[in-house]
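Undergrad: Below: sequence and its predicted model.
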Protein chains: 2
Amino acid sequence: MLKSSTENKTPLSVVKIGGNIVDNPDALESFLDDFHQLKGQKILVHGGGVMASKMAEQLGIETKMIHGRRVTDEDTLRLVTMVYAGWINKRIVAALQKRGCNAIGLSGADGNTIPSVRRSPEPIDFGYVGDPDPAKTNATFIARLVDGGAVPIFCAITHDKKGSLLNTNADTIANTLATACSRLYQTTLYYCFEKEGVLRDLNDPNSLIPSINLKEYEEYKQSGIIAGGMLPKLDNAFRAIEGGVSEVVVLHAKNLLNGKGTILR
Amino acid sequence: MLKSSTENKTPLSVVKIGGNIVDNPDALESFLDDFHQLKGQKILVHGGGVMASKMAEQLGIETKMIHGRRVTDEDTLRLVTMVYAGWINKRIVAALQKRGCNAIGLSGADGNTIPSVRRSPEPIDFGYVGDPDPAKTNATFIARLVDGGAVPIFCAITHDKKGSLLNTNADTIANTLATACSRLYQTTLYYCFEKEGVLRDLNDPNSLIPSINLKEYEEYKQSGIIAGGMLPKLDNAFRAIEGGVSEVVVLHAKNLLNGKGTILR
């Protein structure tokens, strides 16, 4: 019997970490130890953390919010590019290189890896914010790096191919990369966050739901067991699975190597 | 008759621009038009400009100088990494991508392309400053990018492979890259600066010396025709030639395409 095309592909892990790791030097070092030990081909996507907001304050750049979401004006774009693509990205690269991991830091502009479309100013103008398209993501360029032994480290900055950089959601970057790379690899997407995974009871870390398929997800939503901020995360995750990603694991960063968390298939 | 090994190699241009271009949006756009049109395989190295100093002032980071040279303390390292590897580098990458040039922005930490040695604290501690070694520069990794159609854009930040980023002189980065790549390519190094080239009379732009070899350089030095700030630049250039670089051209950025300047061989 012929193997399915998925089984013939090389495995690839796309790991996303958020600000809670980036902002905590000890947690970051510990995570990078684990990430370095993660077997096989891999990509890291990192969020921004609080540094950009702190610096905005120091520099007197006003943070504009609409409906609880930050507006990226020109000053803010410059600042987040400096902090995300500059300091945070290169600090992670240097820390991984120290461990013998051949990290290469990238924004979505580099190698045109993740072209984005600037979000429409109607109904709300969020400024220099971009939404990437997995179909236009340059998986071939990324694969050449990965197959050559490099480990791409992505910050959440993309570009519009018209000369503008764009601020982009890090979860979306991870999703986009995993989906695009699933054309070439058997891809697992790891969403690291501050909880153990998807919990039946947010206040009980022992109430982890070990796995969820799309049908079960619909049931959990209807019964109200999964609600609130978890919904966009899981909607994204199931979109990635529909797009070709083999598995999405929602877990605490400390569990990256044992894989304990909620597996979405 | 067999061709010499140099003649068998693919040509590669390594172009260095300084702060005078980086700080001037019109000059930068015009330079990037020319750089995009420059035929063949190529690498760009950019200096820092005045933005880091301006931001240091805004953030209240004191600029420490010893013998007219900036000391890179931890705050300054973070700042120059943000400005050079973040904003300036990614802005250039996005501007070249707009032109259809497949730019990829790199620091010396990325792909371990340029490992450096932190400068000895004796006799003067300049802080997080690194001196790269052409012999340890990862020309193979760079060649894989270049041969795949990418155009590396280097900022002047390197790393020590022990987890620290290091502030590094941009002329030295260009020199190091050109020397290292000359093992694989027939390399020409273009030093763009604010003059037409090496002048007999600094106040007369028509006094350009079109070419200088090492013997002539020694004579110009002895007669005092070449002196002052030009000496370290040309010493570096002739070191690159000794190291295998085919030609070094010292010229004004506006003359990149016609190559008018001083050719050192």
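TA: Arrived safely.
Undergrad: Secondary structure class of whichever residue of the stretch 51-200 of chain A sits closest to chain B, three-state.
TA: For the stretch 51-200 of chain A and chain B, the shortest gap (CB to the nearest CB) falls at residue A:86, measuring 2.3 Å. C-beta: built from backbone N, CA, C; applies to glycine. Using DSSP: H, G, I helix; E, B strand; the rest coil, the structure places residue A:86 in helix.
Undergrad: right, and it touches residue B:79 too?
TA: No - Residue A:86 lies out of contact with residue B:79 (CB atoms under 8 Å); the separation is 9.2 Å.
Undergrad: returning to what we had before: name all residues that make contact with the residue of the stretch 51-200 of chain A closest to chain B.
TA: Contact analysis of residue A:86 by CB atoms under 8 Å, 6 or more residues apart in numbering or on different chains lists B:81-87, B:89.
Undergrad: Distance check, it against residue A:48.
TA: From residue A:86 across to residue A:48, the span is 12 Å (CB to CB, to the nearest Å).
Undergrad: Surely residue A:79 is in a helix?
TA: Yes - counting by three-state DSSP, residue A:79 is located in a helix.
Undergrad: wait, is residue A:232 part of a strand?
TA: No - counting by three-state DSSP, residue A:232 falls outside a strand, being helix.
Undergrad: how near is it to residue A:217?
TA: Applying CB to CB, the value for residue A:232 to residue A:217 is 13 Å.
Undergrad: higher neighbour count, those two?
TA: residue A:217 (19 against 12; other CB atoms under 10 Å in any protein chain shown).
Undergrad: Let me see the confidence value for that one.
TA: Residue A:217 carries a pLDDT value of 96.
Undergrad: check which helix or strand covers it.
TA: Taking DSSP states H and E as the definition, one finds residue A:217 inside helix A:214-223.
Undergrad: Only alpha carbons, please: show that helix as PDB.
TA: The C-alpha coordinates for helix A:214-223 follow below in PDB (Å, rounded to 0.1, in the frame of the first residue of the first chain):
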ATOM      1  CA  LEU A 214     -13.400  19.900  15.200                       C
ATOM      2  CA  LYS A 215     -16.700  18.100  16.100                       C
ATOM      3  CA  GLU A 216     -15.800  18.200  19.800                       C
ATOM      4  CA  TYR A 217     -14.800  21.800  19.500                       C
ATOM      5  CA  GLU A 218     -18.200  22.700  18.200                       C
ATOM      6  CA  GLU A 219     -19.800  20.800  21.200                       C
ATOM      7  CA  TYR A 220     -17.500  22.500  23.700                       C
ATOM      8  CA  LYS A 221     -18.400  25.900  22.200                       C
ATOM      9  CA  GLN A 222     -22.100  25.200  22.300                       C
ATOM     10  CA  SER A 223     -22.000  24.000  25.900                       C
END
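Undergrad: Next one: residue A:37 from residue B:132, what distance?
TA: Applying CB to CB to residue A:37 and residue B:132 gives a distance of 29 Å.
Undergrad: and these two? which has more neighbours close in?
TA: The residue with more neighbours, out of residue A:37 and residue B:132, is residue B:132; 25 against 11, by other CB under 10 Å.
Undergrad: tell me the contacts of the more buried one?
TA: Taking CB under 8 Å, 6+ apart as the criterion, residue B:132 is in contact with B:108, B:114-117, B:158, B:168, B:172-173, B:176.
Undergrad: From the residues you listed, which land in strands?
TA: Members of those lying in strands (criterion: DSSP state E): B:116-117, B:158.
Undergrad: Drop anything exposed from those residues.
TA: Buried members of the ones in strands among the contacts of residue B:132, scored by 16 or more other CB atoms under 10 Å in any protein chain shown, are B:116, B:158.
Undergrad: Closest one of the ones in strands among the contacts of residue B:132 to residue A:25?
TA: Residue A:25 has its nearest neighbour among these in residue B:158, at 21.8 Å by CB to CB.
Undergrad: Hmm, residue A:114 and residue A:141 touching each other?
TA: No - with contacts counted by CB under 8 Å, residue A:141 stays clear of residue A:114, the gap being 10.2 Å.
Undergrad: Neighbour count: these two, which is higher?
TA: Looking at residue A:141 and residue A:114 with other CB under 10 Å, you find the greater number of neighbours at residue A:114, namely 30 against 21.
Undergrad: Might one say that that one is in contact with residue A:137?
TA: Yes - Residue A:114 is in contact with residue A:137 according to CB under 8 Å; the separation is 5.3 Å.
Undergrad: any residues in contact with both of those two?
TA: Common contact partners of residue A:114 and residue A:137 (CB under 8 Å, 6+ apart): A:176-177.
Undergrad: Lowest mean pLDDT among the helices and strands of chain A, which one is it?
TA: Least confident helix or strand, chain A: helix A:5-8 with a mean of 64, by mean pLDDT, DSSP states H and E.
Undergrad: Mind checking what helix or strand follows that one in sequence?
TA: Per DSSP H and E, helix A:5-8 leads on to strand A:10-17 as the next helix or strand towards the C-terminus.
Undergrad: neighbouring strands for the helix or strand containing residue A:249, and are they parallel or not?
TA: Taking DSSP H and E as the criterion, residue A:249 maps to strand A:247-252. According to DSSP bridges, strand A:247-252 forms sheet pairs with strand A:185-193 (parallel), strand A:262-264 (antiparallel).
Undergrad: if we can go back for a sec, nearest spatial neighbour of the residue of the stretch 51-200 of chain A closest to chain B, chain-adjacent residues omitted?
TA: With CB to CB, 6 or more residues apart in numbering or on different chains as the criterion, residue A:86 has its nearest non-adjacent residue at 2.3 Å, and that residue is residue B:86.
Undergrad: cool, residue A:169 as well?
TA: According to CB to CB, 6+ apart, the nearest residue to residue A:169 is residue A:156 (6.5 Å).
Undergrad: so which of the contacts of residue A:86 is the most crowded?
TA: Neighbour count (other CB under 10 Å) singles out residue B:86 as the most crowded of the contacts of residue A:86, with 31 neighbours.
Undergrad: Run a quick neighbour tally on the nearest residue to residue A:171 once chain neighbours are set aside.
TA: Closest residue to residue A:171 apart from its sequence neighbours, by CB to CB, 6+ apart: residue A:236 at 6.0 Å. Residues near residue A:236, counting by other CB under 10 Å, number 20.
Undergrad: what inclination does the strand or helix carrying residue A:236 have with respect to strand A:185-193?
TA: Here residue A:236 sits within helix A:230-242, counting by DSSP H and E. Here the directions of helix A:230-242 and strand A:185-193 differ by 170 degrees (axes from the mean of the first three to the mean of the last three CA atoms, to 10 degrees).
Undergrad: State the mean pLDDT of helix A:230-242.
TA: Helix A:230-242 carries an average pLDDT of 93.
Undergrad: residues in contact with residue A:183?
TA: A:139, A:244.
Undergrad: can I assume it sits in a strand?
TA: No - counting by three-state DSSP, residue A:183 is not found in a strand; it is coil.
Undergrad: ok, residue A:115 touching residue A:161?
TA: Yes - at 4.9 Å, residue A:115 counts as touching residue A:161 under the criterion of CB under 8 Å.
Undergrad: who has more neighbours, those two?
TA: residue A:115 (20 against 16).
Undergrad: Show me what the helix holding residue A:217 is packed against.
TA: Packing partners of helix A:214-223 (3 or more CB pairs under 8 Å, 6 or more residues apart in numbering or on different chains; DSSP states H and E): helix A:230-242.
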